[in-house]
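In: Kindly generate the corresponding structure for this input.
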Amino acid sequence: MRRPTWLVLTVVAVAACGGSHARSGAAGGNDTLNERQRDSVLAKSRIPGASRVGKAMRVADSTSAGVRASDTIGGTRGDSTP
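Out: Okay, the predicted model is just below:
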């Protein structure tokens with residue numbers, strides 16, 4: 001692989017390993033961005049391949065909307081018995 005691809009993969013791997021622990025900023029405060037906001041900032045950045053993050057977010061939103069729509073059509077019971 002080319003070097004920029006490795007760089008992007010390394011950044012993504014480090015970000016993924018961060019988990020949901022509170023992060024402290026340079027001033028010692030906690031990070032105020034949630035995961036979706038951080039992903040959105042990353043998607044809008046000029047990092048090579050970052051646009052794929054935005055695409056993945058749109059696909060996930062579309063899938064979630066489809067699931068919600070099918071749940072609404074099927075009722076709220078969660079089973080298919082009449």
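
In: Show me the shaky parts of the protein.
Out: The chain contains residues with pLDDT under 70 at 1-4, 6-7, 11-14, 16, 18-30, 74-82.

In: Please could you give me each C-alpha atom of the helix ranked longest in it, formatted as CSV?
Out: Determined from DSSP state H, the single longest helix within the chain is helix 51-74. What follows is helix 51-74, C-alpha atoms only, in CSV (Å, rounded to 0.1, in the frame of the first residue of the first chain):
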residue,chain,number,x,y,z
SER,A,51,-14.9,11.6,2.6
ARG,A,52,-15.5,7.8,3.0
VAL,A,53,-16.4,8.5,6.6
GLY,A,54,-19.2,10.9,5.5
LYS,A,55,-20.4,8.2,3.0
ALA,A,56,-20.5,5.6,5.7
MET,A,57,-22.5,8.0,8.0
ARG,A,58,-25.0,8.6,5.2
VAL,A,59,-25.4,4.8,4.5
ALA,A,60,-25.8,4.2,8.3
ASP,A,61,-28.5,7.0,8.5
SER,A,62,-30.3,5.5,5.5
THR,A,63,-30.3,2.0,6.9
SER,A,64,-31.5,3.3,10.3
ALA,A,65,-34.3,5.2,8.6
GLY,A,66,-35.3,2.1,6.7
VAL,A,67,-35.4,0.1,9.9
ARG,A,68,-37.5,2.7,11.6
ALA,A,69,-39.9,2.8,8.7
SER,A,70,-40.3,-1.0,8.7
ASP,A,71,-40.8,-1.0,12.4
THR,A,72,-43.6,1.6,12.0
ILE,A,73,-45.3,-0.4,9.3
GLY,A,74,-45.0,-3.7,11.2
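
In: Can you spell out which helices and strands pack onto it?
Out: helix 35-43 (3 or more Cβ pairs under 8 Å, 6 or more residues apart in numbering; DSSP states H and E). Every C-beta, even on glycine, is put in place using the N, C-alpha and C of the backbone.
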